[in-house]
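# What shape does this take:
(2 chains)
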Amino acid sequence: MLRDITLGQYYQTESVLHRMDPRVKLAGTLIYMISLFLYKNLTAYILAFLFLLSVIKISKVPFKYMVKGLKTVMVLLFITSIFNIFYTKGEPLFTIWKFVITKEGVANAVYIMIRLSFLIIGSSLMTLTTTPNQLTDGLEKLLGPLKKIKVPVHEVSMMMSIALRFIPILMEETDKIMKAQMARGANFESKKLMEKIKAMVPLLVPLFISAFRRANDLAMAMEARCYQGGEGRTRMKPLVYKKIDYVAYGVLIIYVASVIICGRLIPIHLL
Amino acid sequence: MLLVVDHVSCIYGADTNMPVAALKDINLVIKEGEFIGLIGHTGSGKSTLVQHMNGLIKATDGAIYFHGQDIYDGDFDKKNLRSKVGLVFQYPEHQLFEVDVFSDVCFGPKNLGLPKKEVELRAYKALKQVGILDEYFYQSPFDLSGGQKRRVAIAGVLAMEPEVLILDEPTAGLDPKGRDEILSMIKNLQKEMGITVILVSHSMEDVAEYVDRIVVMNKGEILFNAEPKEVFKHYKQLEEIGLAAPAVTYIMEKCKEAGIPVSTEPTTIYEAKQEILKVLVQRK
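Prediction:
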């Protein structure tokens, strides 16, 4: 049931992308996101598309698996772009009832659709190929300099890793409680809004209680292992850049440079 | 033939790179009024199997019949099935949510769309059956002890008046006293109310005393399906799959090895005592 949501989940397989240093993947995702918002023309998007396609190919994560979890997000995207069609002013294309559809509106909608879907796929690619632990290790290391201005980097990344770690656990728990309540005749598939909301109570109350219980247990277990924050903590597997990571950085730079050059010199516009 | 499981297979995560075959070609017939113990090691597929029986999981392959009707038929009433095949999950107290014990037990029958009076009557009866005293009825379920919570949760399923009661590890995490209380309560339900009971467990000790038939599962397949005495004869094979016969079986085997001519059939302490006394009397 809920197992279908793949957002933020790790997909176990053997690939170059999986072996890469998490810092490269984090930086890469950030740079990729920025590159999507640099130019508003098709050239940049074609490059972004090609880049994304090749990274997906390298990652060895089945595309079907990746998209399966994005269905609900896609609905949201669709609504966003529809709003864009109706609310952008410019050269009118045609009129439906009271709404004027403009050239710019359609273009905007398409761009937003492309941007956001690439953004989501790009970032889910990072979580699919990086374990939560690696991810927070990378984040902690990348944000390390902020410690100097008293930002609690370690604490934040620890909270993040715990949150990420708990996603699948809570999903499983939700699935179990849903089934248990369904066995008692609960109906989660009702079409009526009020009934839908009412049906949430038997699910959410036990879920919250179990989340608190788990959080409590975890805090206890961490204290029992003498955890007291990041001060003086050493790593079992310190992050070290390898050759492949430098290559990846190189590829990233080439990608960004080509987006900037092509986006500026040979812009292709929609409509 | 209350419930027939016919060549059922189930594969988890069929479209990922790690498909797991949880059930492989399971055949099982459950008759009215039986008390069945479903035994298996963790991950043997026993929980998956019972979730098929009330239609929570759809089989990848095969069919399940309840009173001769195929539960996968398009017009089969799933909600009715779930009220007739009551499933109590592992740690059922984790599903409690209402403000007081009584309204929590009312949840099941209320979902069946029964009139208010009938709902309350059923809830009252169910709570009495599991031995919850009136004084607890209007307390928060979260204030009860572990064993009491579990009874309330079981009552929540009983209140739907199922024909088959399936309990997934009902004794997990309870102390020996709580365990015995829950198990004898279940036995009473089966004897007095005529409910068919399927008890899922990984402990032979738990079930040996109570059940009529044991179904042993291993890696998604049924290994044995027979009376307890019959199954325990294969205690060496049981050990191989990480299970064990009750301690009594081992004692009787040792006695026999030591030259005392006892039968190795007893499975409960009482039966063993009778058997040993019988042999000793004969010797004199």
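
# Now the residue of chain A at minimum distance from chain B. Nearest residue, chain neighbours left out?
Minimum separation of chain A from chain B (CB to the nearest CB) falls at A:Gly185, amounting to 3.1 Å. Just so you know, the C-beta spots here come from the backbone N, C-alpha and C atoms, and that holds for glycine as well. The shortest distance from A:Gly185 to any non-neighbouring residue, by CB to CB, 6 or more residues apart in numbering or on different chains, is to B:Asn111 (3.1 Å).

# Buried residues, the host helix or strand of A:Ile162. List them.
Assigned by DSSP states H and E, A:Ile162 falls within helix A:153-183. Residues A:153-154, A:157-158, A:161, A:164, A:166, A:168, A:170-171, A:173-174, A:176-183 are the ones in helix A:153-183 that count as buried (16 or more other CB atoms under 10 Å in any protein chain shown).

# Give the helix, strand or coil label for the closest residue to B:Glu120 other than its chain neighbours.
Leaving aside its sequence neighbours, B:Glu120 sits nearest to B:Cys106 (CB to CB, 6+ apart; 6.6 Å). Recorded secondary structure, B:Cys106: helix (DSSP: H, G, I helix; E, B strand; the rest coil).

# circling back: could you list which of the buried residues of helix A:153-183 also contact chain B?
Of the residues in these, proximity to chain B by CB under 8 Å from any CB of the partner chain holds for A:Lys176, A:Ile177, A:Lys179, A:Ala180, A:Gln181, A:Met182, A:Ala183.

# The following helix or strand past the helix holding A:Ile162 packs against which elements?
Later in the chain than helix A:153-183, the nearest helix or strand by DSSP H and E is helix A:193-224. When contacts are defined as 3 or more CB pairs under 8 Å, 6 or more residues apart in numbering or on different chains; DSSP states H and E, helix A:193-224 sits against helix A:153-183.

# A:Ile177 is in contact with B:Leu96, isn't it?
No. Contact criterion CB atoms under 8 Å: A:Ile177 and B:Leu96 do not qualify, at 10.4 Å.

# and for these two, which residues touch both?
A:Pro206 (CB atoms under 8 Å, 6 or more residues apart in numbering or on different chains).

# I would like the residues contacting the helix-or-strand element of chain A with minimal mean pLDDT, please.
When each helix and strand of chain A is scored by mean pLDDT, DSSP states H and E, strand A:92-96 comes last, with a mean of 74. Outside strand A:92-96, the residues within contact range by CB under 8 Å, 6+ apart are A:Val100, A:Ile101, A:Thr102, A:Lys103, A:Gly105, A:Val106.

# For B:Val4, see how far away B:Tyr65 is.
Here the criterion is CB to CB, to the nearest Å. By it, B:Tyr65 lies 4 Å from B:Val4.

# that's a strand at B:Val29, yeah?
Yes. The assignment for B:Val29 by three-state DSSP puts it in a strand.

# Flag every residue of chain B that's near chain A.
Within chain B, the positions near chain A by CB under 8 Å from any CB are B:13, B:15-18, B:51, B:54, B:56, B:79, B:82-83, B:86-89, B:92, B:94-97, B:107-112, B:142, B:156-157, B:160.

# Next step: the residues you listed restricted to strands.
Among the residues of chain B next to chain A, the members found in strands (DSSP state E) are B:Gly86, B:Leu87, B:Val88.

# who's the last one bridged to?
Counting by DSSP bridges, B:Val88 is bridged to B:Leu167.

# Check what pLDDT it gets.
As predicted, B:Val88 sits at a pLDDT of 93.

# and the closest residue to A:Phe49 other than its chain neighbours, how many neighbours?
Nearest non-adjacent residue to A:Phe49, counting by CB to CB, 6+ apart: A:Phe118, 7.2 Å away. A:Phe118: 19 surrounding residues under other CB atoms under 10 Å in any protein chain shown.

# Helices along the chain, start to end?
If you meant another chain, say so; for now it's chain A. A:16-19, A:22-38, A:42-59, A:63-68, A:71-87, A:103-129, A:132-143, A:153-183, A:193-224, A:243-265 (DSSP state H).

# ah, I was thinking of chain B
B:46-53, B:78-84, B:101-111, B:116-129, B:146-158, B:176-193, B:204-208, B:228-232, B:235-240, B:247-257, B:269-283.

# Would you reformat those as CSV and include mean pLDDT and mean neighbour count?
Shown next, in CSV, are those (pLDDT from 0 to 100; neighbours: other CB atoms under 10 Å in any protein chain shown):
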stretch, mean pLDDT, mean neighbour count
helix B:46-53, 91, 22
helix B:78-84, 87, 18
helix B:101-111, 92, 24
helix B:116-129, 94, 17
helix B:146-158, 91, 24
helix B:176-193, 89, 15
helix B:204-208, 80, 22
helix B:228-232, 86, 21
helix B:235-240, 86, 14
helix B:247-257, 86, 16
helix B:269-283, 86, 13
